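Visitor: Next comes the sequence, and after it the predicted model I'd like to discuss.
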Amino acid sequence: MADTRGLTARLCDWVCSMGYSDLPAEVRKEAVTIIYDTIGGMIASSTLPSCQPVVEVVKAMGGNKDCSVVGHPIKTSVTYAALANGTIGHGDEVDSTGQQRSGHFSAVTVPAAITMGQYVKASGKELVRALALGFEVAARIRRVQSEFDPRARHSGNSAYPLGAAVVAGILLGSDATRMEHAMALAAHQASGLGTQFHDPTHESKSLGFGIAAQAGILAALLAQRGFHGGREILTVENGFFDIFIGCADYASLGDRLLDGLGDTYLVRQVAYKRFPVGRPDQAPLYAFLQLLKSHNLTANDIEQLEVGMSRHDFSIADSLKHPSVYLPTILSLAAVFGEVCFQHIHQAQYYKDPQVQAFRERIKLLPDRNADIQRKRFEAEIRVYTRNGAVLNQQLCAPLMTEEEIQYKFRSLVGLRVKQEKALDLESKLKGIEGVSNVAPLISELELSA
């Protein structure tokens, strides 16, 4: 017999029925890697200008000292900590993204998981379960948004509160009914505009993630106390999909949201970032560095650099002028310094270097003229004209990171704030989080002095 329940109810029933042991081993392993990779980025990013004012406001507001703020010697209420940790989660462009039409779910679901996990003194297994399922919900909702609204008028942040609500609801032990109300209450708080890509400070972009984490946790706490948010929030008229993609008709959405649910996990389609730059910049930077290395080139050898891009990627990489997203600055850093690391992006002595600024004038970003052209997500096409008259081409799909590269990334980022011994200790504990009976003491270790 066909399942006649609504889409939201079916999704919540599945979420609440999935125990830790029901998740495939590879999904649990991926969740641990997501936790480990995201926290490494959070530690490095926690004192950036895109995060510091939010941390200062949270500290001034006070509240019960229940939950830690990552990278700071601060404990505050669960909702304030979620706001700060979510902002820190995307304080820089080091957090993972999706291989397909999905976004920065780690930057919301990990802060929500560690904050609520600490609040309820969850076990490591409970935290991993909550993260994996909350990530899955956010990724699937965002995928539908991307496919039905290719213009991306709304920020992906609109889907993230629902994923955070699922994370928090699981850790609170919510049943399917309360989970449905939690998702609805989170949807009522959903926000995010595409204008974040025009903010040169990255601050509004980072804050959106903090708002999403806080909204999801607040929604779950309210629902757990019997507060109602409405049923079938995803497909009801004037509900989530109606507002954000102009579609309230379940039939027109088909089964896209639930396609392969329980068999194909989007959490397994994570793309960890090799460089501290935006997703559209990853492949061009990788291709350019490969070309520099293989031909032993320096900035002085290059007359002009051309980068072919999809229209969507161009709209991001050429609009947001922050050094972590603006591709001409990123490629100029690579040309001048031979690499791009966290310090290059966030220390003015590097990105304002006269050689870097001069090299930017030699870069041309070339968006596809045909709007229907669909490039692969991590495909790069660059052409270098050298001063001696040579023309060098590089076209490739950037490879996914290996476990060794992810580990090196963690140690490098955490090493910016703590000594090597402490970084290795945190690495070991986070990788072994599934064996922890109470994650609260471990999360407290993420509080660091300036």
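Guide: Cool, the structure landed. Residues are numbered from 1 along each chain as shown.
Visitor: So, low pLDDT: which residues of the stretch 351-450 of the chain?
Guide: Within the stretch 351-450 of the chain, the ranges that satisfy pLDDT under 70 run 371-375, 450.
Visitor: so V307 makes contact with D368?
Guide: No: using Cβ atoms under 8 Å, V307 is not in contact with D368; the gap is 11.6 Å. C-betas here are computed from N, CA, C, even on glycine.
Visitor: Please say which of these two ends up with more neighbours.
Guide: For V307 versus D368, the count of surrounding residues by other Cβ atoms under 10 Å is larger for V307: 26 against 17.
Visitor: Wasn't that one part of a strand?
Guide: Yes: assessed by DSSP: H, G, I helix; E, B strand; the rest coil, V307 belongs to a strand.
Visitor: Report the beta-bridge partners for it.
Guide: Per DSSP bridges, the residues bridged to V307 are L365, I382.
Visitor: Quick one: residues contacting it.
Guide: Contact partners of V307, counting by Cβ atoms under 8 Å, 6 or more residues apart in numbering, are P284, L327, L331, I363, K364, L365, L366, A380, E381, I382.
Visitor: ok now the strand or helix carrying I170, how far from the chain's centre?
Guide: If you go by DSSP states H and E, I170 is part of helix 160-172. How far helix 160-172 lies from its chain's middle: 16 Å, per Cα atoms, centre = their mean, to the nearest Å.
Visitor: And for the residue lying closest to D92 once chain neighbours are set aside, the neighbour number?
Guide: In space, and not counting its chain neighbours, D92 is closest to S45: 4.1 Å by Cβ to Cβ, 6 or more residues apart in numbering. Look at S45: counted by other Cβ under 10 Å, it has 29 neighbours.
Visitor: what's the distance between S45 and Y326?
Guide: According to Cβ to Cβ, to the nearest Å, S45 stands 18 Å off from Y326.
Visitor: Run through the stretch 101-250 of the chain and note the low-pLDDT ranges.
Guide: Residue ranges of the stretch 101-250 of the chain with pLDDT under 70: 101-102, 149-156, 248, 250.
Visitor: What segments of it are helices?
Guide: 106-120, 124-148, 160-172, 176-188, 203-224, 240-245, 250-253 (DSSP state H, counting those that start in this stretch).
Visitor: mind giving me TSV with the ones you listed and columns for distance to K376 and mean neighbour count?
Guide: Formatted as TSV, the helices of the stretch 101-250 of the chain follow (distance: least, Cβ to Cβ, whole Å; neighbours: other Cβ atoms under 10 Å):
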stretch	distance to K376	mean neighbour count
helix 106-120	22	31
helix 124-148	15	25
helix 160-172	25	31
helix 176-188	32	25
helix 203-224	25	26
helix 240-245	24	20
helix 250-253	25	14
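Visitor: relative to helix 176-188, how tilted is the helix holding I170?
Guide: 150 degrees (axes from the mean of the first three to the mean of the last three Cα atoms, to 10 degrees).
Visitor: Strands along this structure, start to end?
Guide: Listed in chain order, the strands of the chain (DSSP state E) span 67-68, 75-76, 97-98, 270-271, 302-309, 363-367, 379-386, 391-397.
Visitor: Give the other helices and strands that the last one contacts.
Guide: Here strand 391-397 touches helix 279-295, strand 379-386, going by 3 or more Cβ pairs under 8 Å, 6 or more residues apart in numbering; DSSP states H and E.
Visitor: would CSV of these with mean neighbour count and distance to N393 be doable?
Guide: Converted to CSV, these look like this (neighbours: other Cβ atoms under 10 Å; distance: least, Cβ to Cβ, whole Å):
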stretch, mean neighbour count, distance to N393
helix 279-295, 20, 9
strand 379-386, 19, 5
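Visitor: Okay, buried residues for stretch 418-434 please.
Guide: A423, L426, E427, K429, L430, I433, E434 (16 or more other Cβ atoms under 10 Å).
Visitor: Next: stretch 331-351.
Guide: By 16+ other Cβ under 10 Å, the buried positions in stretch 331-351 come out as 331-337, 340-342, 344-346, 350-351.
Visitor: of all the helices of the stretch 101-250 of the chain, which lies closest to S449?
Guide: helix 106-120 (18.9 Å; Cβ to Cβ).
Visitor: Give the burial count for T79, as a bare number.
Guide: 20.
Visitor: Name the nearest residue to D13, sequence neighbours excluded.
Guide: D13's closest residue in space is A176 (Cβ to Cβ, 6+ apart), at 4.8 Å.
Visitor: Sorry, wrong one. I was asking about S158.
Guide: Per Cβ to Cβ, 6+ apart, closest to S158 is A190, 4.3 Å.
Visitor: again with N85
Guide: Nearest non-adjacent residue to N85 (Cβ to Cβ, 6+ apart): P111, at 3.7 Å.
Visitor: what sits against S45?
Guide: S45 neighbours (Cβ under 8 Å, 6+ apart): C51, G71, I88, G91, D92, V94.
Visitor: what about the last one, distance to S106?
Guide: To tie it back to what came earlier, the one meant is V94. On the measure of Cβ to Cβ, V94 and S106 end up 10 Å apart.
Visitor: for the second one, same thing?
Guide: Counting by Cβ to Cβ, the separation of G71 from S106 is 16 Å.
Visitor: Ok, the fourth one next?
Guide: Distance from G91 to S106, counting by Cβ to Cβ: 13 Å.
Visitor: for the first one, same thing?
Guide: Taking Cβ to Cβ as the measure, C51 and S106 are separated by 16 Å.
Visitor: One more: L333?
Guide: 25 Å.
Visitor: re earlier: distance of the residue nearest to D92 relative to A219?
Guide: S45 is 25 Å from A219, by Cβ to Cβ.
Visitor: Also Q349?
Guide: 43 Å.
Visitor: what's near enough to touch the residue lying closest to V439 once chain neighbours are set aside?
Guide: Of all residues not flanking V439 in the chain, G117 sits nearest, at 4.8 Å (Cβ to Cβ, 6+ apart). For G117, the contact set (Cβ under 8 Å, 6+ apart) comprises E126, L127, A130, L171, V439, A440, I443.
Visitor: Out of those, which two sit at the greatest distance?
Guide: Farthest pair in the contacts of G117, by Cβ to Cβ: A130 and A440, 14.6 Å.
Visitor: Straight-line length of stretch 98-113, end to end?
Guide: Stretch 98-113 has an end-to-end distance of 19 Å (criterion: Cα to Cα, to the nearest Å).
Visitor: got the phi/psi numbers for the most centrally placed residue in the chain?
Guide: Nearest to the geometric centre of the chain sits H104, at 2.4 Å (Cα atoms, centre = their mean). Main-chain dihedrals, H104, degrees, to the nearest 10: phi -90, psi 60.
Visitor: what's the distance between it and G226?
Guide: Distance from H104 to G226, by Cβ to Cβ: 32 Å.
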